[in-house]
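**Q** I'd like to go over a predicted model; first the sequence, then the structure.
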Amino acid sequence: MAKFILREYLENIITDSLNVFIRTQDPQGKLTPDTVYPAIIKPTKSAQFGDYQVNGILPLAKTLGTNPRELAQTFADYFAKEHSKEFAKVEVAGPGFVNLFLNDLWLAELTPNLAQLQKNLQTDKAQNIIVDYSAPNIAKEMHVGHLRTTIIGDSLVRVLEFFGHKVTKVNHIGDWGTQFGMLMAYMEEVEKDPEAHQVSIEDLDGFYRAAKARFDADEQFQTYARSLVVKLQGGDPHYLAKWKQLVDITMTQNNRTYRRLDVLLTDDDIMGESMYNPMLPQVVKETLEKGVATLDQGAVVAHLSEFKNKDGEDLGVILRKSDGGYLYATTDLAAMKYRVQELKADQIIYCTDMRQANHFAQIEIIARKMGYLPDTTKVTHAGFGMMLGNDGKPFKSRSGDVVRLNDLLDEAVERTEKLLAERNSEIVGEEKTKLVEALAYGSIKYSDLSKNRATDYVFDWDRMISFEGNTAPYMQYSYARIQSILRRFSLPETNAVMITNEYERNLVLKLQEFADVLDKVSVQLTPHLICTYLFELSGIFNSFYENVNIQKTEEQDLQASRINLINYTANILRVGLDLLGIKVVDRM
Ligand code: ARG
């Protein structure tokens, strides 16, 4: 079966019916023959108006020159007969709205268990999708600036894979550039005389700072460092090995952070800037040959009419400096070409902060002009806002430094331990360690992912590590609580679900909505919709659980149905959190 999303399915059958129907109402041929008139449906605000309202009859009545209420009524009668399977009742309201009441029997039958849900979402047009995310820089520690790209990108990978797309995770690490001359020169000094240098290369930030200080202070050192850049670029095996050592040390540390955060990235996903370096001369040559770029005082520059500089002139994107050096933009242009030609990308998603939006838009324009990017390949910048402190300024440590990601994670663990101690949890030992980590890292991820990525957001410890509100601990607690309910029953042998009251009905409808939400996330690349949904699902589940009797139902079928609903809710909570990269525990 192809993809099934309830809202989409309904929209399609209503649109089909409407278009057949209105043609019968058009003896004078006022409608445009080839136009499909869409039936726009939206959920109603209150149960008395049914589940969905169809809009669009009003403008059609106008085109046809008929009375809208009458037209709506004729359509409602026609539609109710056509689709009595899906709808129990079709009513006209107001000036010509059509209200649709879903058929409970049909709805109950449709309730997806996990396997069904996954089947419902499998795309029949699997794409090659590249997600470019995380991308820290070598010889520097990951800091909070890398948090958002890493966890938003990771969630997008999980969602797109859930649909059956072939996703290539790309870690475009900053592993090339002139700074390596300085770093390698300093490495040599430290290796020659470790006593004199109280700095370990494992302390990446400290090492970088010391190397930079040395570079700024000593001209001879500078000259030597520059000579090492030339050697490295010339492929000198000794310096390539030194460079590789720096990359490995950094990535070993980053991998530890990735494992803590439970993100999917491994060394296999590294396609760093260095990888494109050999391709740059050819790419630049091609831009000149195609006339996309021109020589401008010794530099190679692509002038874009789509962007203006501050003097109102076409913006010049430099692809090769007059000294022969290449830039960030050149690498990204080569990367785009590579991803289309070698990786056969149908879609490329960049996950960086908003400040790079123009950069990617410019590269896309150049790549399209170059013919590197066919029209069918979509490029999306899944940009995000800044992480702010409580003072509304960019998030910093108390001393005003950028916060190292590992320090942030340590603090989350500490705070979570304190919170758990207050709750007198009975959980101890290894299970406790796991619980603390799930809650702590979950809190950080969830508080970030639950905000619309495009906006800045305030990083607030107290609000995120809390069992109240739209937080990870609340969601994880809801899950654990449902598991404890389920432990009291054995799972029924059938998947059947029935609707006998409004609580069951609301829960069934909400479970259905998950597919719709994920579908939106896969297009808009907005994981926060998952968080909003899960939070609402928990609320609806709670009122179901408070109002529906499970223990003392005299009817076995009814009890089985309710246990199934509880189990399906748990599954969706778990899958939803998993798509956010957040772990659940069975008890807490
Ligand atoms: N390393 C870059 C930075 O820290 C991010 C790279 C993003 N990806 C890309 N293809 N440019 O800002």
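**A** Sure, I can see it.
**Q** going forward, measure contacts and count neighbours with C-alpha atoms only.
**A** Will do.
**Q** next one: stretch 347-360 to chain centre, how far?
**A** With CA atoms, centre = their mean, to the nearest Å as the basis, stretch 347-360 stands 13 Å off its chain's centre.
**Q** any idea how far apart the tips of it sit?
**A** 14 Å (CA to CA, to the nearest Å).
**Q** check which residues of it are buried.
**A** Q347, I348, I349, Y350, C351, T352, D353, M354, A357, F360 (16 or more other CA atoms under 10 Å).
**Q** ok, these vs V521, which is closest?
**A** Closest approach to V521 among the buried residues of stretch 347-360 (CA to CA): I349, at 13.4 Å.
**Q** find the nearest non-adjacent residue to V292, please.
**A** Distances taken as CA to CA, 6 or more residues apart in numbering put A302 closest to V292, at 5.9 Å, once the chain neighbours are dropped.
**Q** my read: the one you found touches V317, true?
**A** Yes - using CA atoms under 8 Å, A302 is in contact with V317, at 5.1 Å.
**Q** for these two, indicate the residue with more neighbours.
**A** Applying other CA atoms under 10 Å to A302 and V317 shows that A302 carries more neighbours, namely 24 against 20.
**Q** give the pairing partners of the strand or helix carrying that one; include direction for each.
**A** A302 belongs to strand 299-308 when elements are defined using DSSP states H and E. Sheet pairing of strand 299-308 (DSSP bridges) gives strand 294-296 (antiparallel), strand 314-320 (antiparallel).
**Q** can you put those in CSV and add mean pLDDT?
**A** Output for the strands paired with strand 299-308, formatted as CSV (pLDDT from 0 to 100):
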stretch, mean pLDDT
strand 294-296, 96
strand 314-320, 97
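**Q** can you tell me which of those strands is nearest to the ligand?
**A** strand 314-320 (14.3 Å; CA to the nearest ligand atom).
**Q** and the next element down the chain from the helix or strand of the chain with the lowest mean pLDDT?
**A** Lowest on mean pLDDT, DSSP states H and E among the helices and strands of the chain sits strand 40-43, with a mean of 86. Tracing the chain past strand 40-43, the next element assigned as helix or strand by DSSP H and E is strand 52-55.
**Q** thinking again about what came up before, for N171, find the nearest of the strands paired with strand 299-308.
**A** strand 314-320 (22.2 Å).
**Q** go through that closest one and flag the buried ones.
**A** Neighbour-count burial for strand 314-320 flags L315, G316, V317, I318, L319, R320 (criterion: 16+ other CA under 10 Å).
**Q** contacts for it?
**A** Residues from elsewhere that reach strand 314-320, judged by CA atoms under 8 Å, 6 or more residues apart in numbering: 284, 299-309, 326-327, 329-330, 362.
**Q** now those residues: which count as buried?
**A** Judged by 16+ other CA under 10 Å, buried ones among the contacts of strand 314-320: V284, A299, V300, V301, A302, H303, L304, F307, Y326, A329, T330, Q362.
**Q** with adjacent residues omitted, what lies nearest to the third one?
**A** When you say that, I think you mean V300. According to CA to CA, 6+ apart, the nearest residue to V300 is R320 (5.0 Å).
**Q** distance of the one you found relative to E306?
**A** The gap separating R320 from E306 is 20 Å, by CA to CA.
**Q** hmm, back to that, so what secondary structure elements neighbour the least confident helix or strand of the chain?
**A** strand 52-55 (3 or more CA pairs under 8 Å, 6 or more residues apart in numbering; DSSP states H and E).
**Q** the strand it packs on pairs with which strands?
**A** Strand 52-55 is paired, per DSSP bridges, with strand 40-43 (antiparallel), strand 97-102 (antiparallel).
**Q** the ligand is nearest to which of those?
**A** strand 40-43 (38.2 Å).
**Q** neighbouring contacts of the closest one?
**A** E11, D51, Y52, Q53, V54, N55, G56.
**Q** run a quick neighbour tally on M142.
**A** Count around M142 with other CA under 10 Å applied: 24.
**Q** and the stretch 251-400 of the chain, which of its residues are near the ligand?
**A** D332, T352 (CA under 6 Å from any ligand atom).
**Q** which residue does the stretch 251-400 of the chain bring closest to the ligand?
**A** Counting by CA to the nearest ligand atom, the stretch 251-400 of the chain gets nearest to the ligand through D332 (5.5 Å).
**Q** and the pLDDT at that residue?
**A** Each residue has a pLDDT score; the one for D332 is 98.
**Q** for it, the count of nearby residues, please.
**A** 20.
**Q** repeat that for M271.
**A** With other CA under 10 Å as criterion, M271 counts 19.
**Q** same check, this time on N501
**A** Neighbour number of N501 under other CA under 10 Å is 12.
**Q** tell me the phi and psi of it?
**A** Phi and psi for N501, reported as degrees, to the nearest 10, are phi -150, psi 180.
**Q** repeat for V167
**A** Torsion angles, degrees, to the nearest 10, at V167: phi -100, psi 130.
**Q** kindly report the same for F87.
**A** phi -120, psi 130.
**Q** how far away is it from the ligand?
**A** 49 Å (CA to the nearest ligand atom, to the nearest Å).
**Q** ok, that residue - contacts?
**A** A80, L100, F101, L102, N103.
**Q** isn't the third one up against Y52?
**A** Yes - in this structure F101 lies within contact range of Y52 using CA under 8 Å: 7.0 Å.
**Q** which one of those two has more residues nearby?
**A** With neighbours defined as other CA under 10 Å, F101 and Y52 compare such that Y52 has more, 22 against 19.
**Q** hang on, the earlier thing: pull the most distant pair out of the contacts of strand 40-43.
**A** D51 and G56 (16.7 Å).
**Q** how many residues are close by H83?
**A** What H83 shows, counting by other CA under 10 Å, is a neighbour count of 16.
**Q** okay, it and I14: tell me how far apart.
**A** Counting by CA to CA, the gap from H83 to I14 is 9 Å.
**Q** now do W243
**A** 62 Å.
**Q** again with N549
**A** From N549 to I14 the distance is 37 Å (CA to CA).
**Q** again with I582
**A** On the measure of CA to CA, I582 and I14 end up 38 Å apart.
**Q** more neighbours, those two?
**A** The neighbour comparison of I582 against I14 (other CA under 10 Å) goes to I582, with 24 against 19.
**Q** so what's that one up against?
**A** D262, A438, Y441, G442, K445, Y446.
**Q** save those residues as a markdown table, and put in pLDDT, secondary structure and neighbour count too.
**A** Shown next, in a markdown table, are the contacts of I582 (pLDDT from 0 to 100; DSSP: H, G, I helix; E, B strand; the rest coil; neighbours: other CA atoms under 10 Å):
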| residue | pLDDT | secondary structure | neighbour count |
| --- | --- | --- | --- |
| D262 | 96 | coil | 18 |
| A438 | 97 | helix | 23 |
| Y441 | 98 | helix | 24 |
| G442 | 98 | helix | 28 |
| K445 | 97 | helix | 24 |
| Y446 | 97 | helix | 27 |
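**Q** any figure for the gap between the closest residue to M354 other than its chain neighbours and A361?
**A** Spatial nearest neighbour of M354, chain neighbours left out: G383 (4.7 Å); criterion: CA to CA, 6+ apart. Taking CA to CA as the measure, G383 and A361 are separated by 12 Å.
**Q** neighbour count winner among the two?
**A** The neighbour comparison of G383 against A361 (other CA under 10 Å) goes to G383, with 21 against 16.
**Q** so the more buried one sits against A454, correct?
**A** Yes - at 6.1 Å, G383 counts as touching A454 under the criterion of CA under 8 Å.
**Q** so for these two, which residues contact both of them?
**A** M354.
**Q** ok, the residue most central in space within the chain to the ligand distance?
**A** The structure's the chain has its C-alpha centroid closest to L156; by CA atoms, centre = their mean the separation is 3.2 Å. Per CA to the nearest ligand atom, L156 is found 15 Å from the ligand.
**Q** output the contacting helices and strands for the one helix or strand I152 maps to.
**A** Using DSSP H and E, I152 sits within helix 147-162. Applying 3+ CA pairs under 8 Å, 6+ apart, we find helix 147-162 packed against strand 128-132, strand 166-170, helix 429-449, helix 502-524, helix 556-579.
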